[in-house]
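K.L.:
Return atomic coordinates for the entry below.
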Amino acid sequence: MNTRISRRRFAATGAAASLASLLPRGVFSQGTANKNAIVHAGDSIGVVKPEFHSNFAEHLGSCVYGGIWVGPNSPIPNIEGFRKDTVDALKDLGVPVLRWPGGCFADDYHWRDGIGPAARRPKRVNTTWGGYTEDNSFGTHEFIRFCRLIGSEPYFAANVGTGTPQDVRDWIEYCNYPAGSTLADERAANGSKEPFNVRYWGVGNELWGCGGNFTPQAAASEFVHFATFARQFGPTRLFLVGCGPSGDDTNWTRGFMDTLGGHIGMMSGYSMHYYTGGDLRPLQFDKDAMYRQFNLYPLVERSLIHQRTLLDGYDPNRRIGLFLDEWGVWDQMSQPEEAANGRLWQQATIRSAVAAALGLNIFNRQADKLFMCNIAQLINVLQSLLLTDGPTGQHCVKTANYHAFMLFKPHRGNTSVRVEADGMRLPDGRGGGRGRGAEQPPEISVSASRGDGRLVVSLVNPRADADWTVDVALRGVTAHEGSARILHDSDINAANSFENPGRLTVRPHEVAVEGGHFRIALPAMSVATVTLKVTESPA
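P.N.:
Numbers count the residues shown, from 1 in each chain. The predicted structure is shown next:
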């Protein structure tokens, strides 16, 4: 029997049909599995770039001040002014690329404000996020030093909204020219003799909104104007990122790309933003509100596919990388929490961890279409990896989101392979309800990758009311041994708090491995990753 299932045949069955009926007899015992899946280990999609697990830090709330930076004189243990607990946690996880200084803040930020002796730096009003006084004690040198401490590559968002092409050109020279120019010598005088070699430069942020309320045509013209003078200084090749749409705005992409025309070669990346909003405050979600949020993820996946397809019409050789520069859950805010901890401070729960895993599975499944993804944001803001209690507090909590990213870390650098599963929502909406109005979310989400004699499979159960046993058939490889880890809590509002920082954490989990398949229990509200030692199956 030919056990390979074509995409057309699978699609024809509909999501309601069980994959068990398509598998050879004897692989699964009747009645032992709620869900069945297939990993096609020989059907490669693309490399799972480490950059898919990148992040974003903005001068917003307590992300930078109190989350990253407390100053060298702080009573909080620090490394040259950087919170030591933050550095240690992020170094363990690995943040491949970190985008800064915004966000909306970027298009009202002038880089010269953040260099030189801290006492002489000007104080500016952060009109974007709360009207507080920004003392600029955290600037270019501090950001680069922080990236070096945690092992991240820097990604600068340049000011198009209130800046000039010369501002951006000079910032690049200041950062990247080795020595001998006035700007390079100024960098050296400010403590950094060696160039920073910053590769990634975003040319504006959200130019359709807070970055200037441009039309797509005007935004493309601004890109060409700024990119013309964003010259390479030194050996570091610049990767200039143009401003794409909010969500799947096809009119923006067509207008931008049509206007770019013959200047398309100036652009190396194209960014889009897609937040999955929530109806309630983080600790007040009920099942229905959670499902409405989870039902946005098939739309995210569809948008990535659609935007890449649009770009391919202008860039068939895919020289332009698709960036998901900002993504993540954006719940309703608690004013008392914002007053205490800063704007957009958002508690992370098992729900947000499951949401993160739904997104990370999408990136694996669409690995050939993506270049970089930056979740918003690193610390204390929106779907953060860490929570701290301000510039004087001693607490630093690894959130549920942090642990979800840790579960996906083994995929980095592997080759994503095709998967199929009962109840997994397809990007065109098959397999369940559509959009925000749907009552039920996907029943399961799966992705897999292969590398160095290992097969890594991540499984998500986003249901609050169903436990699954999942049988996963392996095509093209035989598994000899395996291990699993899981993040799980039956309470959808369970969270790591300052009082109870270890409630949610990754734990070992049982998995039964039997050569051509494995079986795993996947309880409600859980994320699990299975790592298998595999060899090629006989043809």
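K.L.:
Give the buried residues for stretch 230-250.
P.N.:
Residues of stretch 230-250 classed as buried under the neighbour-count rule (16 or more other C-beta atoms under 10 Å) are 230, 233-234, 236, 238-245, 248-249. From N, CA and C alone the C-beta is placed, and that goes for glycine too.
K.L.:
List just the nearest of those to residue 287.
P.N.:
residue 248 (27.1 Å; C-beta to C-beta).
K.L.:
burial measure for the nearest residue to the closest one once chain neighbours are set aside, as a count.
P.N.:
Once flanking residues are discounted, residue 248 sits nearest to residue 303: 3.7 Å by C-beta to C-beta, 6 or more residues apart in numbering. Here the number of neighbours of residue 303 (other C-beta atoms under 10 Å) works out to 20.
K.L.:
could you measure residue 303 against residue 443, distance?
P.N.:
22 Å (C-beta to C-beta, to the nearest Å).
K.L.:
Please apply the same query to residue 215.
P.N.:
42 Å.
K.L.:
who's more crowded, those two?
P.N.:
The neighbour count for residue 215 versus residue 443, taken as other C-beta under 10 Å, is higher for residue 443 (20 against 16).
K.L.:
For that one, give me its contacts.
P.N.:
35, 422-424, 431-432, 461-463, 466, 468 (C-beta atoms under 8 Å, 6 or more residues apart in numbering).
K.L.:
same deal with residue 321?
P.N.:
So residue 321 contacts 239, 268-270, 370-372 (C-beta under 8 Å, 6+ apart).
K.L.:
now residue 273
P.N.:
With C-beta under 8 Å, 6+ apart, residue 273 has these contacts: 206, 244-247, 324-327.
K.L.:
Which of the residues you listed fall within strands?
P.N.:
244-246, 324-327 (DSSP state E).
K.L.:
does the closest residue to residue 259 other than its chain neighbours sit in a helix, a strand or a coil?
P.N.:
The shortest distance from residue 259 to any residue that is not its chain neighbour, by C-beta to C-beta, 6+ apart, is 3.7 Å, and that residue is residue 220. Residue 220 falls in the helix class when you classify it by DSSP: H, G, I helix; E, B strand; the rest coil.
K.L.:
Give me the longest helix you can find in this structure.
P.N.:
helix 297-314 (DSSP state H).
K.L.:
And that one, how far out from the chain middle?
P.N.:
16 Å (C-alpha atoms, centre = their mean, to the nearest Å).
K.L.:
What of stretch 448-468?
P.N.:
The answer for stretch 448-468 is 18 Å, by C-alpha atoms, centre = their mean.
K.L.:
Make residue 1 into 7 and carry on from there
P.N.:
That works, and once the first residue is 7, the last one we named lands at stretch 454-474.
K.L.:
re the thing from before, out of the buried residues of stretch 236-256, which one has the lowest pLDDT?
P.N.:
Lowest in pLDDT among the buried residues of stretch 236-256 is residue 240, which has 93.
K.L.:
That one and residue 169, how far apart?
P.N.:
22 Å.
K.L.:
Also residue 178?
P.N.:
Taking C-beta to C-beta, one finds residue 178 at 12 Å from residue 169.
K.L.:
What ranges does the stretch 157-306 of the chain have for its helices?
P.N.:
Here the stretch 157-306 of the chain has its helices, by DSSP state H, counting those that start in this stretch, at 171-182, 188-195, 222-235, 256-266, 293-300, 303-320.
K.L.:
would you turn the contacts of residue 449 into JSON lines with distance to residue 458?
P.N.:
As requested, the contacts of residue 449 are exported to JSON lines (distance: C-beta to C-beta, whole Å):
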{"residue": "41", "distance to residue 458": "28"}
{"residue": "428", "distance to residue 458": "29"}
{"residue": "429", "distance to residue 458": "31"}
{"residue": "430", "distance to residue 458": "26"}
{"residue": "437", "distance to residue 458": "32"}
{"residue": "438", "distance to residue 458": "35"}
{"residue": "467", "distance to residue 458": "28"}
{"residue": "468", "distance to residue 458": "30"}
{"residue": "469", "distance to residue 458": "33"}
{"residue": "472", "distance to residue 458": "34"}
{"residue": "474", "distance to residue 458": "29"}
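K.L.:
Excluding chain neighbours, what is closest to residue 332?
P.N.:
Sequence neighbours aside, residue 279 is the residue nearest to residue 332 in space, at 4.2 Å (criterion: C-beta to C-beta, 6+ apart).
K.L.:
Quick check: the gap between the closest residue in space to residue 313 that isn't next to it in sequence and residue 309.
P.N.:
Nearest-residue entry for residue 313: residue 278, 5.8 Å, with adjacent residues in sequence omitted and distances by C-beta to C-beta, 6+ apart. Here residue 278 is placed at a distance of 7 Å from residue 309 (C-beta to C-beta).
K.L.:
anything in contact with each of these two?
P.N.:
residue 253.
K.L.:
can you pull the contacts of the residue lying closest to residue 348 once chain neighbours are set aside?
P.N.:
Sequence neighbours aside, residue 67 is the residue nearest to residue 348 in space, at 2.9 Å (criterion: C-beta to C-beta, 6+ apart). Each residue near residue 67 by C-beta under 8 Å, 6+ apart is listed here: 135-136, 344, 347-351, 386-387.
K.L.:
Buried among the residues you listed? Need that as a selection in ChimeraX.
P.N.:
Typed into ChimeraX, the line below selects the buried ones among those, using 16+ other C-beta under 10 Å:
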select :135,344,347,348,349,350,351,386,387
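K.L.:
The helix or strand hosting residue 61 pairs with which strands, parallel or anti?
P.N.:
Following DSSP states H and E, one finds residue 61 within strand 60-62. In the sheet, strand 60-62 lines up against strand 103-106 (parallel), strand 378-382 (parallel) (DSSP bridges).
K.L.:
if we can go back for a sec, out of the buried residues of stretch 236-256, flag the one nearest to residue 364.
P.N.:
residue 254 (17.2 Å).
K.L.:
how close does that closest one sit to residue 260?
P.N.:
As judged by C-beta to C-beta, residue 254 and residue 260 stand 12 Å apart.
K.L.:
Lowest-scoring secondary structure element of this structure by mean pLDDT?
P.N.:
None of the helices or strands of the chain scores lower by mean pLDDT, DSSP states H and E than helix 13-19, at a mean of 33.
K.L.:
Give me the pLDDT for residue 395.
P.N.:
pLDDT, residue 395: 88.
K.L.:
Next: residue 30.
P.N.:
In this model, residue 30 carries a pLDDT of 36.
K.L.:
Kindly report the same for residue 443.
P.N.:
With respect to pLDDT, residue 443 scores 43.
K.L.:
re the thing from before, which of residue 178 and residue 169 has more neighbours?
P.N.:
A direct count of neighbours by other C-beta under 10 Å for residue 178 and residue 169 places residue 178 higher, at 24 against 19.
K.L.:
For the more buried one, give me its contacts.
P.N.:
Counting by C-beta under 8 Å, 6+ apart, residue 178 makes contact with 204, 207, 236-239, 244.
K.L.:
ok, it to residue 197 distance?
P.N.:
19 Å.
K.L.:
Please work out the average pLDDT along stretch 85-94.
P.N.:
Here the average pLDDT along stretch 85-94 is 97.
K.L.:
Provide the contact partners of it at residue level.
P.N.:
Contacts of stretch 85-94 (C-beta under 8 Å, 6+ apart): 73-78, 80, 82-84, 148, 151-152, 155-156, 385, 392, 394, 402.
K.L.:
before we move on, the earlier item: just curious, which of the contacts of residue 178 is nearest to residue 266?
P.N.:
residue 236 (14.9 Å).
K.L.:
quick one on the thing from earlier: so which of the contacts of stretch 85-94 sit within helices?
P.N.:
148, 151-152, 155-156.
K.L.:
ok, and the most crowded of the residues you listed?
P.N.:
The most crowded member of those is residue 152, carrying 26 neighbours; neighbours defined as other C-beta under 10 Å.
K.L.:
pretty sure that one contacts residue 76?
P.N.:
No - counting by C-beta atoms under 8 Å, residue 152 does not reach residue 76; the two are 12.0 Å apart.
K.L.:
Who is residue 50 paired with across the strands?
P.N.:
residue 423.
K.L.:
Quick check, it in contact with residue 455.
P.N.:
No - between residue 50 and residue 455 there is no contact under C-beta under 8 Å: 9.5 Å.
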